[in-house]
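Q: A structural model of the following input is requested.
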Amino acid sequence: MIKPARSNEKQSAIDELVHRIKSGLFADGHPLPGEEQLSQELQVSTGTLREALAELERRRYIAMQTEGGAIVTYDGFTLDQSNGWTQALADTGARIYTEVLRLQAVERPELALQFGISHFVILERRRRQEDGIAISLERSLMPATGGLEGLPRVGLIDNSLTITLAAYGFVADRGDQWIGAHPLNEQDALLLERTSGTVFIKALRTTFDRQNRFMEQVESWLDPQHFRMYQSFGARKKINNS
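A: Just a heads-up that it's a prediction; the model follows:
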C-alpha cells in the first residue's frame, strides 16, 4: 500500500503544479522545467514528481509528446495510449464500454529470462461498441511486485490500469511496440465473438519505468474495421496543455 506521507507529498506537488499552470507561471504550450529542477523546487523525490506529472497528464493539464513511432487510430482518431486504452477511446467521443474478463496472479517461468521474474498479475479486458459488437481484446501482464501482487484482491484505482501503476510507483519511461496483422486463434476468436482465423491487428507493447524495471506487457487484438496505423514524428517533451 502507498505510505500516507508519500501520498501527501504527491498531492502537494500536484496542487502546486496546477496552481502554476492556472496562474500562467507555466505558459500554455511551453515545455515544463526539467524533473531535477521541479523536484528541488517542490522538495519531493523524482519518483514522487513523476507520479504527480502522470496524474496531471491524466487530468489533461499537461501532455506528453513522444518521439516518433507507430501508433494506432480508432475510426480516424489518433489514440494516445499513454493514459490507457479506455481513456484514449473515450477521448474520441466513442461510446465504448469495457468488460473485465480476468484479474489474477499467474506464473510464467518462460518469461523469467526476459524480465527477471516469473510471477505476474494478468488483466484481461474486452471492449464493445454501443451496439454490443466486440472491437478489442487486451491482456496486460504486470510484475507481481511492489504492491501490484495485491491487485486481484483490491482491484484497480478508478478502473484505470495507468493510474494504478502510477500510484504504485510505476511510471512509464521507455519501451517498444510491435504491430501486425494476425489470425485469431480459437480462444481469442471466442472472446471476440468472431470466427477462428479472422484477421485482427495485433499490438504487443512492452514498457519499462525510469528505474529500468519491467512494468507492463500489453497484448491487444484490434478490429481492423475500426483501428488503423499512424506514424508520427517529433521530440519528447512535457507541455502545458491547459
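Q: find the nearest non-adjacent residue to V18, please.
A: Counting by Cβ to Cβ, 6 or more residues apart in numbering, V18 lies nearest to Y61, which is 6.2 Å off, once chain neighbours are set aside. Where you see a C-beta, it was placed from the backbone N, CA and C, and this is true even at glycine.
Q: any idea how far R194 is from that neighbour?
A: Going from Y61 to R194 by Cβ to Cβ, to the nearest Å gives 40 Å.
Q: the longest helix belonging to the chain - what's its average pLDDT?
A: Criterion DSSP state H: the longest helix present in the chain is helix 4-23. Average pLDDT, helix 4-23: 80.
Q: in it, what counts as buried?
A: Going by neighbour count (16 or more other Cβ atoms under 10 Å), the buried part of helix 4-23 is E9, K10, A13, I14, E16, L17, V18, R20, I21.
Q: in this protein, which ranges drop under the pLDDT threshold?
A: For the chain, the stretches with pLDDT under 70 are 1-7, 27-30, 63-72, 75-78, 80-87, 230-242.
Q: please parse it into its domains.
A: According to automatic domain parsing, the chain comprises the domains 4-64, 66-236.
Q: could you grab the helix/strand/coil label for R125?
A: Secondary structure for R125, judged by DSSP: H, G, I helix; E, B strand; the rest coil, is strand.
Q: so what touches the longest helix of the chain?
A: With contacts defined as Cβ atoms under 8 Å, 6 or more residues apart in numbering, helix 4-23 is touched by 25-26, 38, 42, 44-45, 48-49, 51-53, 55-56, 61-62, 240, 242.
Q: circling back: backbone dihedrals for the residue nearest to V18, please?
A: Main-chain torsions, Y61, degrees, to the nearest 10: phi -80, psi -30.
Q: and what of Q225?
A: In terms of degrees, to the nearest 10, the main-chain angles of Q225 are phi -70, psi -20.
Q: that's all I had, so thanks and see you.
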